[in-house]
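# Sequence and computational prediction follow.
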Amino acid sequence: VSRIFALVSPHLDDAALSCSRLLAANPGSQVFTVFTGGPSSVDPLPEWDLLSPELRAGDDVTAIRRVEDEESCALLQAAPHHLGFWDEQYRASLYGYAGPATDEELLDAVAGSLSRALSTVEADAWVMPLGLVHPDHQLTAVACLRAFTTEPAPERYLYWDLPYRLWSPDQIGEAEDVVKAAGFALEETELPSSDDVSLKRKAVGCHRSQIAPLDELVEAAVVGPETFFRLTRTSAGS
Ligand SMILES: [Zn+2]
């Protein structure tokens, strides 16, 4: 039986990389992507963008990536929502960044935005990333834990970030400790998922600008298992 998942994604490619098979089996799910913004002209390209032959100095990179996400969500029959916070690589005066100035202010703003977004969508369950390696992933996870605590959530789940989970498995324990300290227990669980790996490969392939930078991690994420945990409240947290 398919269900409607409200899934939180740090960047525009993370839902496809980590949860394509979940989304494909649960049409009508909603994807809330946090870091979808940046300057309308990215010049010079930062280190990560320079790895992509699809991008040129002066491109509106996040606009290009939002279109890629819309294509990938359409393939997976999911609805994309873009929360508009600026990607870490552009949060600098060089790019005219004028958003929340400190990490704490950014966290407050993201948590508030997620609380509003998640509480207004009809969903059977909310799903957050574990939050591995990248500071945007870590911030998204902490913001989700706040939203999951303050809002009357239906069921709550967590997914392992791909490909970071393959890249830096040593960081899983530390990230799980953040979840536990927020007052949640994690229990690995199966969620209804599609066996169609070629569909996942196509969905990930929609993110054309990210294929060269991710390199062999693309295929690792495509074939790597999608892993989910059920979250249950243990206490008020610490
Ligand atoms: Zn990411």
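Noted; the coordinates are in hand.

# wait, what's in contact with the residue of the chain found nearest the ion?
Residue nearest to the ion within the chain: residue 11 (3.4 Å; C-beta to the ion). From N, CA and C alone the C-beta is placed, and that goes for glycine too. Shown in contact with residue 11 (C-beta atoms under 8 Å, 6 or more residues apart in numbering): 33-36, 65, 87, 134, 136.

# Can you give me the buried ones in the helix or strand of the chain with the lowest mean pLDDT?
Scoring the helices and strands of the chain by mean pLDDT, DSSP states H and E places helix 164-167 at the bottom, with a mean of 82. Residues 164-165 are the ones in helix 164-167 that count as buried (16 or more other C-beta atoms under 10 Å).

# now do stretch 167-181
If you call a residue buried by 16+ other C-beta under 10 Å, then stretch 167-181 has these buried ones: 171, 175-176, 179.

# Show me the helices in the protein, by range?
Per DSSP state H, the chain carries helices over the ranges 14-25, 47-50, 61-75, 103-120, 135-150, 164-167, 172-181, 197-205, 208-214, 217-223.

# does the ion sit close to the first one?
If I follow you right, that is helix 14-25. Yes. On the criterion C-beta under 5 Å from the ion, helix 14-25 is in touch with the ion at residue 14.

# just for this structure, where's the confidence low?
Low-confidence segments of the chain (pLDDT under 70): 236-238.

# Contact residues of the chain facing the ion?
Contact residues (C-beta under 5 Å from the ion) of the chain with the ion: 10-11, 14.

# Please repeat the previous calculation with a cut-off of 8 Å.
Residues of the chain found near the ion (C-beta under 8 Å from the ion) are 9-11, 13-14, 17, 35, 134, 136-137, 161, 164.

# Going by distance to residue 207, which of those wins?
Of all the residues of the chain next to the ion, residue 207 sits closest to residue 13, with 4.2 Å by C-beta to C-beta.

# Can you verify my assumption that the closest one contacts residue 210?
Yes. Residue 13 is within contact range of residue 210, at 5.0 Å (criterion: C-beta atoms under 8 Å).

# what's the overlap in contacts for those two?
Joint contacts of residue 13 and residue 210 (C-beta under 8 Å, 6+ apart) are 65, 68.

# check contacts around the residue nearest to the spatial centre of the chain.
By C-alpha atoms, centre = their mean, the chain has its centre lying nearest to residue 9, at 1.8 Å. For residue 9, the contact set (C-beta under 8 Å, 6+ apart) comprises 15, 18-19, 31-34, 129, 140.

# Return the distance of residue 37 relative to residue 179.
As judged by C-beta to C-beta, to the nearest Å, residue 37 and residue 179 stand 27 Å apart.

# do the same with residue 163
20 Å.

# Check residue 41 too.
Residue 41 is 38 Å from residue 179, by C-beta to C-beta.

# Equivalent analysis for residue 103, please.
Distance from residue 103 to residue 179, by C-beta to C-beta: 19 Å.

# do the same with residue 213
Note on residue 213: its distance to residue 179, by C-beta to C-beta, is 28 Å.

# and what of residue 29?
22 Å.

# cool, residue 145 as well?
The value you get for residue 145 to residue 179, if C-beta to C-beta is used, is 7 Å.

# What of residue 195?
Plainly put, residue 195 is 28 Å away from residue 179 if you go by C-beta to C-beta.
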